[in-house]
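S.K.: Structure, please.
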Amino acid sequence: EEVARIEGYHAIPDAVANIGPLFTPTHTGDLFADNVRRILTATGFDEILGHGLADSRQASLLEPGLPQLRIVNPISEDLDIMRNGLVLSGLSVVAHNIAHRNLNLRLFEIGKIYFPPDTSGKWREEERLLLLLSGDTPSNWRDKPRPFDLYDLTGALDRLASHFHWPKIEYEDHPVSYLDGEISYQLKVGATPVGVIGRVSPEIGGKFDIKQAVYVAELAISPLIDVSCDLVEFTPLPVYPAALRDLAIIVDENVKVGDVIDKVTSIAGQLAETVEIFDLYSGKQIGEGKKSIGVAITYRSHARSLSSDEVDGTQADIIDTLKRDFNAEIREK
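M.R.: Model (predicted):
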């Protein structure tokens, strides 16, 4: 370091400078997996190492149409294929723990799944990440235990997304054979499908002798590495003041909150620094088949101060658009 200061950093050739921990990409291969392990264990998850072999009958039960890589001379009838999904081995681990009265589980696995040759004759291996929750949250002097739910799982994904600087995670309704139809989603990071998330159906859980709810997420690692970003862009602190506006609307219960957020963001454009949900309510006061959505909008320009007329005009455009596109009713405070 001292020699570099004396000689000058400009004298160091690029071929020499761009090596070492400071310049080496950190989100590739084993280093990516190590970072995932560090984050999830800090969040309270325990890592498991599932068996690479699996039972073809259980695999067909979970995903009937998924190809299976069969073993010519299996060591036993219940280990006759290479596993084609991490959920398959993950549920076996859950069942084993429950049988030993270890009921509260936060587990993850980074492992490979296997498929028979495709049309090109190449064997297929794919590395995936499994997250799994079952039972109750830990208890302490302040918080009482409660059953794990889907939001505990999405919270863990948010931690990973924050660390790796992934684009926005999207949750789209998507039927999966082993998931409960009411809680079954496809995961997208940006526009890239990366996996599925949801609650294991009671029927499938019963086949594994699991009576308590199990929430799982299975993601392909390769696209996650592709959308990860090593460099962080910093922006200067805001100079001009923000204008805050709240908006409460009543819409049909089948209207997606994400669609409302996207619409508000598109209308406000660059004037909207943040668009967030602060309230979601359904009940007798709203009416059957309806729900109330509270939206908080922060208006700010990094080039000038915004006038009240400008902010109010944009807010009026948002209201008109929500009324037209979602048949929204403005809820008075």
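
S.K.: Please tell me how far residue 77 sits from residue 131.
M.R.: 30 Å (Cβ to Cβ, to the nearest Å). Where you see a C-beta, it was placed from the backbone N, CA and C, and this is true even at glycine.

S.K.: Can you report how many residues neighbour residue 188?
M.R.: By other Cβ atoms under 10 Å, 18 other residues sit near residue 188.

S.K.: next one: residue 9
M.R.: Neighbour number of residue 9 under other Cβ under 10 Å is 8.

S.K.: Now do the phi/psi pair for it.
M.R.: phi -60, psi -30 (degrees, to the nearest 10).

S.K.: can you check residue 241 too?
M.R.: Taking degrees, to the nearest 10 as the convention, residue 241 sits at phi -70, psi 160.

S.K.: For it, which non-adjacent residue is closest in space?
M.R.: residue 305 (6.5 Å; Cβ to Cβ, 6 or more residues apart in numbering).

S.K.: which SS class is the one you found?
M.R.: Under DSSP: H, G, I helix; E, B strand; the rest coil, the three-state class of residue 305 is coil.

S.K.: if I look at it, how far off is residue 270?
M.R.: To residue 270, residue 305 is 15 Å away according to Cβ to Cβ.

S.K.: for residue 288, same thing?
M.R.: Applying Cβ to Cβ to residue 288 and residue 270 gives a distance of 39 Å.

S.K.: Now the longest helix along the chain: buried residues?
M.R.: The residue-count maximum for a helix in the chain (DSSP state H) belongs to helix 308-326. Within helix 308-326, the residues that count as buried by 16 or more other Cβ atoms under 10 Å are 311, 314, 315, 318, 319, 322, 326.

S.K.: of those residues, closest to residue 117?
M.R.: residue 326 (48.5 Å; Cβ to Cβ).

S.K.: just checking, the closest one touches residue 261?
M.R.: No - Residue 326 lies out of contact with residue 261 (Cβ atoms under 8 Å); the separation is 11.8 Å.

S.K.: Could you count how many residues lie near the closest residue to residue 123 other than its chain neighbours?
M.R.: Setting aside the residues directly before and after it, residue 123 is nearest to residue 117 in space (Cβ to Cβ, 6+ apart), at 5.5 Å. Neighbour count for residue 117, taken as other Cβ under 10 Å: 11.

S.K.: related to what we said a few turns ago, just checking, what packs against the longest helix of the chain?
M.R.: Judged by 3 or more Cβ pairs under 8 Å, 6 or more residues apart in numbering; DSSP states H and E, the packing partners of helix 308-326 are strand 243-252, helix 257-268, strand 290-299, strand 329-330.

S.K.: Residue ranges in the chain under the pLDDT threshold?
M.R.: Within the chain, the segments meeting pLDDT under 70 span 14-29, 231, 333.

S.K.: Recalculate using a threshold of 50.
M.R.: 16-26 (pLDDT under 50).

S.K.: for it, what spans make up the helices?
M.R.: 2-7, 14-17, 29-43, 56-62, 86-99, 150-164, 202-207, 221-227, 257-268, 308-326.

S.K.: buried ones in the fourth one?
M.R.: To tie it back to what came earlier, the one meant is helix 56-62. Those would be 56, 58, 59, 61, 62, for helix 56-62 by 16+ other Cβ under 10 Å.

S.K.: neighbour-wise, which of residue 77 and residue 131 wins?
M.R.: Taking other Cβ under 10 Å, residue 77 and residue 131 do not tie; residue 131 has more neighbours (27 against 9).

S.K.: Distance of that one relative to residue 171?
M.R.: The value you get for residue 131 to residue 171, if Cβ to Cβ is used, is 14 Å.

S.K.: what does residue 279 give?
M.R.: Relative to residue 171, and taking Cβ to Cβ, residue 279 is found at 20 Å.

S.K.: Same drill for these two, tell me which one is more crowded.
M.R.: residue 171 (16 against 12).

S.K.: Show the contacting residues for the residue nearest in space to the middle of the chain.
M.R.: Centroid-nearest residue in the chain, with Cα atoms, centre = their mean: residue 157, separated by 4.2 Å. Applying Cβ atoms under 8 Å, 6 or more residues apart in numbering to residue 157 gives the contacts 131, 169, 187, 197, 217.
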